[in-house]
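Asker: Here is a sequence together with a model predicted from it:
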Amino acid sequence: MTRLTPNAAAERSGQSRATITRAIVAGELEATKHRNRWSIDLDDLDRWTAQRPLSAGRGANGRFQRGEVPEAPQMPLRGSQSAAEGYKVSQARHARIEALEVLCGALRAEIEDLRGQVQELAGSGAASSPAPAPGAKRRLWPFSAKS
(Lines give C-alpha, C1' and ligand atoms only; values in the text may rest on other atoms or scores of the structure.)
Protein backbone atom coordinates (compact mmCIF):
# COMPACT_ATOMS: atom_id res chain seq x y z
CA MET A 1 0.00 0.00 0.00
CA THR A 2 1.70 3.16 -1.27
CA ARG A 3 1.12 6.37 0.67
CA LEU A 4 1.80 9.87 -0.68
CA THR A 5 2.28 13.31 0.82
CA PRO A 6 0.05 16.15 -0.43
CA ASN A 7 2.96 17.50 -2.50
CA ALA A 8 3.56 14.12 -4.18
CA ALA A 9 -0.19 13.67 -4.68
CA ALA A 10 -0.38 17.10 -6.32
CA GLU A 11 2.44 16.25 -8.71
CA ARG A 12 0.88 12.90 -9.60
CA SER A 13 -2.66 14.24 -10.14
CA GLY A 14 -1.73 17.48 -11.90
CA GLN A 15 -3.49 19.58 -9.25
CA SER A 16 -2.08 22.10 -6.82
CA ARG A 17 -1.22 21.22 -3.24
CA ALA A 18 -3.95 23.61 -2.07
CA THR A 19 -6.53 21.73 -4.17
CA ILE A 20 -5.43 18.43 -2.63
CA THR A 21 -5.64 19.90 0.89
CA ARG A 22 -9.10 21.40 0.21
CA ALA A 23 -10.32 18.02 -1.06
CA ILE A 24 -9.03 16.32 2.08
CA VAL A 25 -10.68 18.86 4.38
CA ALA A 26 -13.95 18.70 2.41
CA GLY A 27 -13.95 14.90 2.65
CA GLU A 28 -13.71 14.38 -1.11
CA LEU A 29 -10.30 12.70 -0.85
CA GLU A 30 -9.61 10.16 1.85
CA ALA A 31 -6.42 10.72 3.83
CA THR A 32 -5.05 10.04 7.28
CA LYS A 33 -3.16 12.42 9.47
CA HIS A 34 -0.10 11.26 11.38
CA ARG A 35 0.70 13.96 13.93
CA ASN A 36 0.76 17.03 11.66
CA ARG A 37 1.27 15.37 8.27
CA TRP A 38 -1.31 14.09 5.80
CA SER A 39 -0.88 10.69 4.16
CA ILE A 40 -2.88 9.78 1.04
CA ASP A 41 -3.35 6.27 -0.31
CA LEU A 42 -2.38 5.95 -3.98
CA ASP A 43 -5.60 4.10 -4.88
CA ASP A 44 -7.73 6.78 -3.21
CA LEU A 45 -5.85 9.50 -5.11
CA ASP A 46 -6.33 7.72 -8.44
CA ARG A 47 -10.05 7.24 -7.73
CA TRP A 48 -10.44 10.92 -6.76
CA THR A 49 -8.50 12.06 -9.84
CA ALA A 50 -10.69 9.95 -12.14
CA GLN A 51 -13.84 11.52 -10.66
CA ARG A 52 -12.64 15.09 -11.11
CA PRO A 53 -13.14 16.91 -14.40
CA LEU A 54 -9.98 17.84 -16.24
CA SER A 55 -8.67 21.31 -15.58
CA ALA A 56 -8.69 23.52 -18.64
CA GLY A 57 -5.21 23.85 -20.06
CA ARG A 58 -3.39 21.70 -17.50
CA GLY A 59 -1.46 18.63 -18.47
CA ALA A 60 -0.71 15.53 -16.41
CA ASN A 61 2.35 17.23 -14.95
CA GLY A 62 0.20 20.05 -13.52
CA ARG A 63 1.65 22.76 -15.72
CA PHE A 64 -0.37 24.86 -18.13
CA GLN A 65 0.01 23.78 -21.71
CA ARG A 66 0.02 26.12 -24.64
CA GLY A 67 -2.73 25.67 -27.13
CA GLU A 68 -6.47 25.83 -27.31
CA VAL A 69 -8.61 25.57 -24.23
CA PRO A 70 -11.34 22.99 -24.83
CA GLU A 71 -14.81 24.40 -25.31
CA ALA A 72 -17.29 23.91 -22.51
CA PRO A 73 -19.95 21.40 -23.46
CA GLN A 74 -23.44 22.79 -23.92
CA MET A 75 -25.99 21.77 -21.36
CA PRO A 76 -28.44 19.28 -22.88
CA LEU A 77 -32.13 20.04 -22.70
CA ARG A 78 -34.03 18.37 -19.91
CA GLY A 79 -35.97 15.27 -20.85
CA SER A 80 -39.24 17.20 -20.65
CA GLN A 81 -38.02 19.91 -23.01
CA SER A 82 -38.08 19.47 -26.72
CA ALA A 83 -36.16 21.47 -29.28
CA ALA A 84 -39.29 23.51 -30.02
CA GLU A 85 -39.67 24.48 -26.37
CA GLY A 86 -36.02 25.49 -26.25
CA TYR A 87 -36.59 27.66 -29.34
CA LYS A 88 -39.64 29.31 -27.72
CA VAL A 89 -37.62 30.10 -24.61
CA SER A 90 -34.91 31.58 -26.78
CA GLN A 91 -37.44 33.76 -28.66
CA ALA A 92 -38.94 34.96 -25.37
CA ARG A 93 -35.47 35.96 -24.11
CA HIS A 94 -34.75 37.89 -27.30
CA ALA A 95 -38.10 39.68 -27.08
CA ARG A 96 -37.40 40.66 -23.48
CA ILE A 97 -33.94 41.94 -24.40
CA GLU A 98 -35.42 44.06 -27.20
CA ALA A 99 -38.04 45.48 -24.81
CA LEU A 100 -35.33 46.36 -22.30
CA GLU A 101 -33.27 48.06 -25.01
CA VAL A 102 -36.30 50.18 -25.99
CA LEU A 103 -36.83 51.11 -22.34
CA CYS A 104 -33.17 52.07 -21.97
CA GLY A 105 -33.43 54.30 -25.05
CA ALA A 106 -36.51 56.05 -23.61
CA LEU A 107 -34.75 56.58 -20.29
CA ARG A 108 -31.70 58.02 -22.04
CA ALA A 109 -33.91 60.48 -23.92
CA GLU A 110 -35.62 61.51 -20.67
CA ILE A 111 -32.24 62.02 -18.99
CA GLU A 112 -31.10 64.28 -21.84
CA ASP A 113 -34.36 66.26 -21.60
CA LEU A 114 -33.85 66.75 -17.85
CA ARG A 115 -30.24 67.85 -18.41
CA GLY A 116 -31.49 70.50 -20.86
CA GLN A 117 -34.05 71.74 -18.31
CA VAL A 118 -31.35 71.95 -15.62
CA GLN A 119 -29.10 73.98 -17.93
CA GLU A 120 -31.98 76.37 -18.74
CA LEU A 121 -32.74 76.85 -15.06
CA ALA A 122 -29.08 77.36 -14.21
CA GLY A 123 -28.69 79.96 -16.97
CA SER A 124 -31.81 81.96 -16.07
CA GLY A 125 -31.45 81.59 -12.28
CA ALA A 126 -27.93 83.02 -12.09
CA ALA A 127 -28.93 86.45 -13.44
CA SER A 128 -31.99 86.93 -11.24
CA SER A 129 -30.59 85.81 -7.87
CA PRO A 130 -30.35 88.62 -5.31
CA ALA A 131 -26.93 89.84 -4.24
CA PRO A 132 -25.95 89.28 -0.60
CA ALA A 133 -26.18 92.25 1.78
CA PRO A 134 -22.85 94.12 1.87
CA GLY A 135 -22.68 94.69 5.62
CA ALA A 136 -23.71 91.26 6.84
CA LYS A 137 -21.03 89.08 8.38
CA ARG A 138 -21.37 85.39 8.70
CA ARG A 139 -20.74 83.87 12.07
CA LEU A 140 -18.97 80.57 11.74
CA TRP A 141 -18.74 79.72 15.43
CA PRO A 142 -21.01 80.75 18.28
CA PHE A 143 -18.05 81.76 20.44
CA SER A 144 -16.67 84.14 17.78
CA ALA A 145 -19.63 86.51 18.09
CA LYS A 146 -18.76 89.65 20.05
CA SER A 147 -21.80 90.89 21.85
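Answerer: Great, that's in hand.
Asker: which strand of the chain spans the most residues?
Answerer: Secondary structure of the chain read by DSSP state E shows that its longest strand is strand 37-41.
Asker: Give the pairing partners of that strand; include direction for each.
Answerer: Sheet pairing of strand 37-41 (DSSP bridges) gives strand 3-4 (antiparallel), strand 32-34 (antiparallel).
Asker: Give me whichever of those is most buried.
Answerer: strand 3-4 (a mean of 18; mean count of other CB atoms under 10 Å). Glycine gets a C-beta too; all of them are placed from N, C-alpha and C.
Asker: do you know how far Glu11 is from Ser39?
Answerer: Glu11 is 15 Å from Ser39, where distance means CB to CB, to the nearest Å.
Asker: Let me see the mean pLDDT of the longest helix seen in the chain.
Answerer: Counting residues, the longest helix in the chain under DSSP state H turns out to be helix 83-128. On average, the pLDDT along helix 83-128 is 81.
Asker: change the start of the numbering to 19 and stick with it
Answerer: In the new count, where the first residue is 19, that last one comes out as helix 101-146.
Asker: Show me which of Glu29 and Ser57 is the more surrounded one.
Answerer: Glu29 (16 against 13; other CB atoms under 10 Å).
Asker: Then the more buried one would be within a helix, right?
Answerer: Yes. Judged by DSSP: H, G, I helix; E, B strand; the rest coil, Glu29 forms part of a helix.
Asker: And it, how far from Thr23?
Answerer: In terms of CB to CB, Glu29 sits 10 Å off from Thr23.
Asker: And for Ser57?
Answerer: 7 Å.
Asker: Also Leu47?
Answerer: As judged by CB to CB, Leu47 and Thr23 stand 13 Å apart.
Asker: Mutual contacts of those two, please.
Answerer: Shared contacts of Leu47 and Thr23 (CB atoms under 8 Å, 6 or more residues apart in numbering): Ile58.
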